[in-house]
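> what follows is a predicted structure for the sequence shown.
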Protein chains: 2
Amino acid sequence: MKIICTRQNLIQGVTTAQRAVSTKNPLPVLSGILLTAANNKLELKGTDLEMGIQCIIPCTVQEEGSIVLPAKYLGEIVRRLPDTPIQIETQEGINAIIRYGQSEITINGFHAEEFPSFPNPQGRNTLVIPEEELKEYLRQILFATSPDENRPIFTGVLLEVSDNKIKLVATDTHRLALKEINVSSDLQDINVIVPGKTLNELARVIGVADKEVTISMGDNQVIFGMEDTLFISRLIDGQFPNYRQVIPQGYKTRIRVKTKELLEAVERASLLARVGTQIIRLSIEEDKVIITANTEVGRIHEEVQVYLQGDAMQIAFNAVYLIDALRAIGSDDIYLDLSGPLSPGILRPVEGDDYLSLVLPVRTI
Amino acid sequence: MKIICTRQNLIQGVTTAQRAVSTKNPLPVLSGILLTAANNKLELKGTDLEMGIQCIIPCTVQEEGSIVLPAKYLGEIVRRLPDTPIQIETQEGINAIIRYGQSEITINGFHAEEFPSFPNPQGRNTLVIPEEELKEYLRQILFATSPDENRPIFTGVLLEVSDNKIKLVATDTHRLALKEINVSSDLQDINVIVPGKTLNELARVIGVADKEVTISMGDNQVIFGMEDTLFISRLIDGQFPNYRQVIPQGYKTRIRVKTKELLEAVERASLLARVGTQIIRLSIEEDKVIITANTEVGRIHEEVQVYLQGDAMQIAFNAVYLIDALRAIGSDDIYLDLSGPLSPGILRPVEGDDYLSLVLPVRTI
């Protein structure tokens, strides 16, 4: 393999493919990125065997071929290269000389044959979503996934398509976020759980205006296709919990409040509450909510103006969960709907009924 | 104590005084900041018993008095307060109510009497240096101090005044940085070692154009006076090594090189060299320096254009020390002067002879 490409393209390709590379993988070759040069394109692939990312960048191919180079060193080196044309030439298929100006770096790698074969993406049942919109949906949902790998279902996001609606749902059993997207065209039903890790990495690379993401279903895998980049991810086996069941219908207490005012008050309360268990109390009165926390450091009494419909109510929440939900909601004004001190609180944007998040209360004495 | 002040002033005062507060101090009251209200001023003091910082901010004093409040919580809280007038009122001298809008936080503290008495700054033998200049001098010097508290002298900076020259010198025994400042007025001789920690914190708060720092000597202490802020620091006991002795006179090899080009080449070499011992080799030839490193990850061959006076030379350095020195020098073009493969390398700006730094070579086989 012998190619010439620009520093900027190389940085983009390596940085993207590297997102699938796990530093913890015991198989040495998986710490690398597979580079394959053909047809005046350089294809870069990284994988942790659960997720794979393939990125294509333009280059001048002087000699076709392929090699695996260590992702970490390759990434650090290309980011520090001068802005001149970069030549990469392999030697005996196990190391590569990176030439720039009068200088060169030889980096030791692996034979391309050692790299695991990438599942051939054969998608069907395709959804198309603008990049900017999908990025925002993911921001609104991903905070509610669990980091606990022992319960894989909760580390994922349910992707459900039925009745011409796409639904994204995440829950860690303490809170839940639900986004509905109406689509005009007829779509086949889908019901899969996509790893949160895949979607987190996807959210970092998308967001370009006027570009779209194509989502296709394979056999126990999902494929996200962007302009020059492909994400292939396994799906999570199992049955997602019946989220409809946990969302209360109706409410006894509804407050309308400025998101920013409530968020800042809860963030201040959290500064004190975190020395304890992060429990804060909300006392909802006619025209205000009083937020209190009381710990060994001190105590806080915050008043935030609200519009109340229904009954006064007292309820306690974990401040961190409330902060996450308020940051994710993406709306200046929200409704907080409550049905009782032991029932979940539901946050909804005042504009639109396509999103909600649910936070379980904390039982206090 | 009962005062009203602006959020911005309070943030500034707390953030500055907090710089002297150590999170590791075993004495609980030292985790706090002493607030004293009198004469429509709020004085904030923090100390770790080695360094003390005193900051004065304007406020409306409704009732004089004082209290110690925990620096960490106070800092986090004031940074999160809304931009409204802030009232602070003490209760029984051991806690304070912080009021803002309709809300309030009560934070538990300590009686002011528990706070150690601050040494009364009585300086003499005063130097005056513009803030911006001192900040730059400190940047050029502080990297060469040692973090090793077991050898206190090397954690400090020598401040020497003699023959109408101020000299700042730091060394960790592997490298050394020296700055000379000519002063016009007659100054008494000074020869003290100032803790690097004090100067690091000082460098963070100074830098305002058209403001000056007044440096005064007390009994085994040094006082840095800015407009509303005072740093008081103990001095380090002991004899600073005779730095003149280690700086070679003359050279066998002098190269003139672009700082940025040499720095970027050494940084790239360091990416590979760090998997070993950070050793890089410099081979100085007629019109270029060739920088090489060879480790299990790979090898690098960098060529940087130079103007050579004197002999060709081969020498090896620790890449990290060379990077630190090149980043600190603050000059587009430098001279690197060498006297032999086992003698220190001297870096000097091409413009001006008021600064140099010295890096010991590494002996290689």
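Okay, I see it.
> got the CA positions of the least confident helix or strand in chain A by mean pLDDT in CSV?
None of the helices or strands of chain A scores lower by mean pLDDT, DSSP states H and E than strand A:124-130, at a mean of 88. The C-alpha trace of strand A:124-130 is given here as CSV (Å, rounded to 0.1, in the frame of the first residue of the first chain):
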residue,chain,number,x,y,z
ARG,A,124,-33.4,-3.6,4.8
ASN,A,125,-36.3,-1.7,6.2
THR,A,126,-34.7,1.7,6.0
LEU,A,127,-35.4,4.9,7.9
VAL,A,128,-34.0,8.2,6.8
ILE,A,129,-33.5,11.0,9.4
PRO,A,130,-31.7,14.4,9.0
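> any buried residues in it, and which?
Going by neighbour count (16 or more other C-beta atoms under 10 Å in any protein chain shown), the buried part of strand A:124-130 is A:127, A:129-130. C-beta here means a position set from N, CA and C on the backbone, and glycine is covered the same way.
> residues from the stretch 101-250 of chain A in reach of chain B?
By C-beta under 8 Å from any C-beta of the partner chain, the part of the stretch 101-250 of chain A that sits against chain B consists of A:101-108.
> tell me which entries of the residues you listed lie within strands.
Among these, DSSP state E puts A:103-108 in strands.
> the longest helix anywhere in chain A - contacts with which helices or strands?
Once chain A is assigned using DSSP state H, the helix that runs over the most residues is helix A:259-273. If you count contacts as 3 or more C-beta pairs under 8 Å, 6 or more residues apart in numbering or on different chains; DSSP states H and E, helix A:259-273 packs onto strand A:279-284, strand A:288-294, strand A:298-305, helix A:319-328, strand A:333-338, helix B:71-80, strand B:103-108.
> alpha carbons only: can I get it in CSV?
The C-alpha coordinates for helix A:259-273 follow below in CSV (Å, rounded to 0.1, in the frame of the first residue of the first chain):
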residue,chain,number,x,y,z
THR,A,259,-36.8,25.3,32.6
LYS,A,260,-33.8,27.5,33.3
GLU,A,261,-35.1,28.8,36.6
LEU,A,262,-36.0,25.4,37.9
LEU,A,263,-32.7,23.9,36.6
GLU,A,264,-30.5,26.5,38.3
ALA,A,265,-32.4,26.2,41.6
VAL,A,266,-32.1,22.4,41.5
GLU,A,267,-28.4,22.7,40.6
ARG,A,268,-27.8,24.9,43.6
ALA,A,269,-29.7,22.5,45.9
SER,A,270,-27.6,19.7,44.5
LEU,A,271,-24.4,21.4,45.6
LEU,A,272,-25.5,20.9,49.2
ALA,A,273,-27.5,17.7,48.7
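> the residues of the stretch 101-250 of chain A next to chain B, buried ones only, as a PyMOL selection?
Selection of buried members from those for PyMOL, criterion 16+ other C-beta under 10 Å:
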select buried, chain A and resi 103+104+105+106+107+108
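> and the spatially most central residue of chain A, what does it touch?
Closest to where the C-alpha atoms of chain A average out (C-alpha atoms, centre = their mean) is A:N200, at 2.3 Å. Residues near A:N200 by C-beta atoms under 8 Å, 6 or more residues apart in numbering or on different chains: A:138, A:142.
> can you confirm it is in a helix?
Yes. Using DSSP: H, G, I helix; E, B strand; the rest coil, the secondary structure at A:N200 is a helix.
> any idea how far it lies from chain B?
27 Å (C-beta to the nearest C-beta, to the nearest Å).
> any idea of the pLDDT on that residue?
We have a pLDDT of 97 for A:N200.
> and what of A:G123?
73.
> can you check A:P119 too?
pLDDT recorded at A:P119 is 69.
> list the buried ones in the longest helix of chain A?
A:259, A:261-273.
> just stretch A:126-146 next, same as before
In terms of neighbour count (16+ other C-beta under 10 Å), stretch A:126-146 has its buried residues at A:127, A:129-132, A:134-135, A:137-138, A:140-146.
> residue contacts, A:D48?
A:20-22, A:25, A:30.
> any of the residues you listed buried? List them.
Of those, these count as buried by 16+ other C-beta under 10 Å: A:20-22, A:30.
> quick one, which of those has the minimum pLDDT?
Lowest pLDDT among the buried ones among the contacts of A:D48: A:S22, 90.
> report the contact partners of that one.
Counted by C-beta under 8 Å, 6+ apart, A:S22 has contacts A:30, A:48.
> which helix or strand contains it?
Under DSSP states H and E, no helix or strand contains A:S22.
> with adjacent residues omitted, what lies nearest to the residue in the stretch 151-300 of chain A that chain B sits nearest to?
Of all residues in the stretch 151-300 of chain A, A:G298 sits closest to chain B, at 3.9 Å by C-beta to the nearest C-beta. Of all residues not flanking A:G298 in the chain, B:I107 sits nearest, at 3.9 Å (C-beta to C-beta, 6 or more residues apart in numbering or on different chains).
> can you check A:G310 too?
Distances taken as C-beta to C-beta, 6+ apart put A:T253 closest to A:G310, at 4.4 Å, once the chain neighbours are dropped.
> got the domain boundaries for chain A?
Domain ranges of chain A: A:2-114, A:125-244, A:248-359, per automatic domain parsing.
> what would these look like in JSON lines with distance to B:I67?
Listed next are the domains of chain A as JSON lines, based on distance: least, C-beta to C-beta, whole Å:
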{"stretch": "domain A:2-114", "distance to B:I67": "48"}
{"stretch": "domain A:125-244", "distance to B:I67": "39"}
{"stretch": "domain A:248-359", "distance to B:I67": "13"}
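> wait, which of those is closest to B:V183?
Closest approach to B:V183 among the domains of chain A is made by domain A:2-114 (41.1 Å; C-beta to C-beta).
> show me the helices in chain A, by range?
A:7-18, A:71-80, A:131-142, A:196-205, A:243-246, A:259-273, A:319-328.
> the closest residue to A:F115 other than its chain neighbours and A:G218, how far apart?
Nearest residue to A:F115, sequence neighbours excluded (C-beta to C-beta, 6+ apart): A:L34, at 4.5 Å. Distance from A:L34 to A:G218, counting by C-beta to C-beta, to the nearest Å: 20 Å.
> these two: which is more packed in?
More crowded of A:L34 and A:G218, by other C-beta atoms under 10 Å in any protein chain shown: A:L34, with 24 against 18.
> just grab the bridge partners of the more buried one for me.
Note on A:L34: beta-bridge partners by DSSP bridges are A:K45, A:V68.
> these two touch, right, it and A:V68?
Yes. Contact criterion C-beta atoms under 8 Å: A:L34 and A:V68 qualify, at 5.2 Å.
> show me which residues of stretch A:74-85 are buried.
Buried residues in stretch A:74-85 (16+ other C-beta under 10 Å): A:74-78, A:81.
> also stretch A:277-289?
So stretch A:277-289, judged by 16+ other C-beta under 10 Å, has buried residues A:278-284, A:288-289.
> ditto for stretch A:242-257
A:243, A:251, A:253-255, A:257.
> just stretch A:308-316 next, same as before
Those buried within stretch A:308-316 under the rule 16+ other C-beta under 10 Å are A:308, A:313, A:315-316.
> now, which of those residues sits nearest chain B?
For these, the nearest to chain B is A:L308 (16.3 Å; C-beta to the nearest C-beta).
> look up how far A:P361 lies from the closest one.
18 Å.
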